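Asks: need the 3D shape of this:
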Amino acid sequence: MVFTIAIKEWKLLLKEKGTFFWLLLLPILFIVLFGTVFSSMGDTKVSLPYIDMNGTQASQAFLASLGEKSGYNLEEKAAGDLDDQISRIQSGKQSALLVLPQGFGSALAGSDGARASIELYSDPNSQTVAPLRSTLENIANGMRESKIEGALKAAGESDAQIKNTMAPLIVIDDKPQNATANNSVTQVVPGYTVMFVFFIIISMIRRFLGDKSSGMTARLRTTRMSPIGYLLGMWIAYLGVALAQCTVLLAFGHIAYDVQLGDIVAVAVVVFMLALCGTGIGLALCMIVRGENQGIGFTQLIALGGAVLGGLWFPIEYMPRTMRTISHFVPQYWAQKAFQDIMVRGVHLSGVLPSIAALAGFAAAGLLVALLRFRGFMQSALD
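Replies: Now for the predicted structure:
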């Protein structure tokens with residue numbers, strides 16, 4: 001009888017077009033939207049308008065070096081466009097303008113200590129300005145080192161002596177510790193998978209309250225099915241839906257964006273505990289809320305609030321210390337942490353046991369509340 005209830009729920013869900021939209025189509029659209037945007041950000045060149053008032057071989061070499069080393073798409077503007085370009089920056093239509101003034105080449109080639117200058121007009125609120133300034137400083141440092149090397153050669157230094165003098169004082173020995181490179185897609189795919197699992201609570205609330213208002217819950221007293229059997233059958237139905245939802249979304253991320261899932265056994269256990277947690281909390285809400293609108297409001301609070309606090313939209317490291325502490329009290333944090341540990345850091349099942357235990361705790365709390373409130377729910381169906 002328990003599985004009869006579950007099968008009945010699956011059939012009803014398959015007939016509802018909204019189920020596929022909320023549980024599969026919408027999260028896939030989110031993954032495609034943000035995954036495509038973030039995955040292509042590194043390949044997109046930022047346009048950088050410039051005005052070369054110097055027009056010498058030295059200025060052209062500097063611009064060529066900037067375009068080669070920075071990846072900026074340089075756009076030449078006429079000297080007469082200076083005021084218009086500055087106006088565009090002031091109005092927020094443009095982030096920066098680079099100007100090589102007259103005398104740039106002669107100052108660069110001079111030996112009297114004169115410094116060549118460049119003018120950078122910029123919007124300080126733009127996030128592209130800081131990387132551009134760093135690139136310009138790196139090019140300037142490289143040109144300074146070349147000039148020093150030339151002076152050392154002119155002074156009669158040998159190549160070995162010059163190499164020793166120009167060697168950096170600090171060498172960075174890069175030792176990556178993660179199994180795979182972390183990028184925005186490895187944040188997006190598991191993040192939205194975790195987020196939309198909790199939206200299944202809306203379907204659960206609608207079904208429980210619908211059965212209650214239609215009189216089906218009250219008629220259970222006239223059948224051989226026990227009330228607990230009804231509750232268990234409904235829970236199994238939505239647990240299966242949540243498992244299928246996670247499987248489809250993670251498989252889509254792997255196929256479409258080559259997200260490395262890592263230890264499949266560990267991922268499967270985390271998915272199961274996440275589904276258990278989401279449906280357990282959903283059962284508790286079904287027993288507590290007094291109406292569908294109230295239930296949807298609570299669901300959105302749990303799903304969206306947990307997404308922010310749990311680091312589903314952006315890495316948890318970006319949050320203030322206080323918020324990072326609070327995030328430990330939402331299940332989304334532990335689910336996302338487990339997925340990141342497995343997919344990015346190459347952790348196996350034993351390494352995510354604390355996250356699994358936390359999800360189990362949230363699931364147990366939800367199921368306990370549901371069991372304690374179930375008698376009152378059934379009684380209200382008879383009133």
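
Asks: tell me how this protein divides into domains.
Replies: The record's domain parsing of the chain by automatic domain parsing lists 2-39+186-382, 47-166.

Asks: and the average pLDDT for the last one is what?
Replies: In other words, domain 47-166. The pLDDT scores in domain 47-166 average 81.

Asks: deepest of the domains of the chain, which one?
Replies: Among the domains of the chain, domain 2-39+186-382 has the highest mean neighbour count (mean count of other C-beta atoms under 10 Å), at a mean of 18. Heads up, the C-betas are built off the backbone N, CA and C, glycines and all.

Asks: just for the stretch 201-350 of the chain, where's the confidence low?
Replies: For the stretch 201-350 of the chain, applying pLDDT under 70 flags the ranges 221-222, 225.

Asks: let's go with 50 and repeat that
Replies: For the stretch 201-350 of the chain, no stretch has pLDDT under 50.

Asks: where do the strands sit along it?
Replies: For the stretch 201-350 of the chain, no strands are identified by DSSP state E, counting those that start in this stretch.

Asks: the helices in it, which residues?
Replies: All helices of the stretch 201-350 of the chain, identified by DSSP state H, counting those that start in this stretch, fall at 216-219, 227-257, 264-288, 292-309, 321-327, 331-343.

Asks: do you know which of these lies nearest Leu63?
Replies: Taking C-beta to C-beta as the criterion, helix 227-257 is the member of these that comes nearest to Leu63, at 35.8 Å.

Asks: quick one: contacts for the closest residue to Leu152 other than its chain neighbours?
Replies: Nearest non-adjacent residue to Leu152, counting by C-beta to C-beta, 6 or more residues apart in numbering: Ile162, 4.8 Å away. With contacts defined as C-beta atoms under 8 Å, 6 or more residues apart in numbering, the neighbours of Ile162 are 149, 152-153.

Asks: could you dump the residues you listed to TSV with secondary structure and distance to Arg345?
Replies: Shown next, in TSV, are the contacts of Ile162 (DSSP: H, G, I helix; E, B strand; the rest coil; distance: C-beta to C-beta, whole Å):
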residue	secondary structure	distance to Arg345
Glu149	helix	42
Leu152	helix	46
Lys153	helix	48
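
Asks: and which of those residues is nearest to Asn293?
Replies: Ranked by distance to Asn293 (C-beta to C-beta), these are led by Glu149 at 73.2 Å.

Asks: hmm, the closest one is touching Met166, no?
Replies: Yes - Glu149 is within contact range of Met166, at 6.0 Å (criterion: C-beta atoms under 8 Å).

Asks: how much space between Val129 and Ser59?
Replies: Using C-beta to C-beta, to the nearest Å, we find Val129 at a distance of 21 Å from Ser59.

Asks: swap that for Thr217, sorry
Replies: The gap separating Thr217 from Ser59 is 81 Å, by C-beta to C-beta.

Asks: run the chain-centre distance for stretch 226-246.
Replies: Remark: stretch 226-246 is offset 30 Å from the chain centroid, using C-alpha atoms, centre = their mean, to the nearest Å.

Asks: next one: stretch 63-70
Replies: 31 Å.

Asks: contact partners of it?
Replies: 48, 50, 52, 72-74, 98, 100, 131-132, 135-136, 138-139, 142.

Asks: list just the nearest of those to Gly311.
Replies: Of the contacts of stretch 63-70, the one sitting nearest to Gly311 (C-beta to C-beta) turns out to be Pro131, at 24.7 Å.
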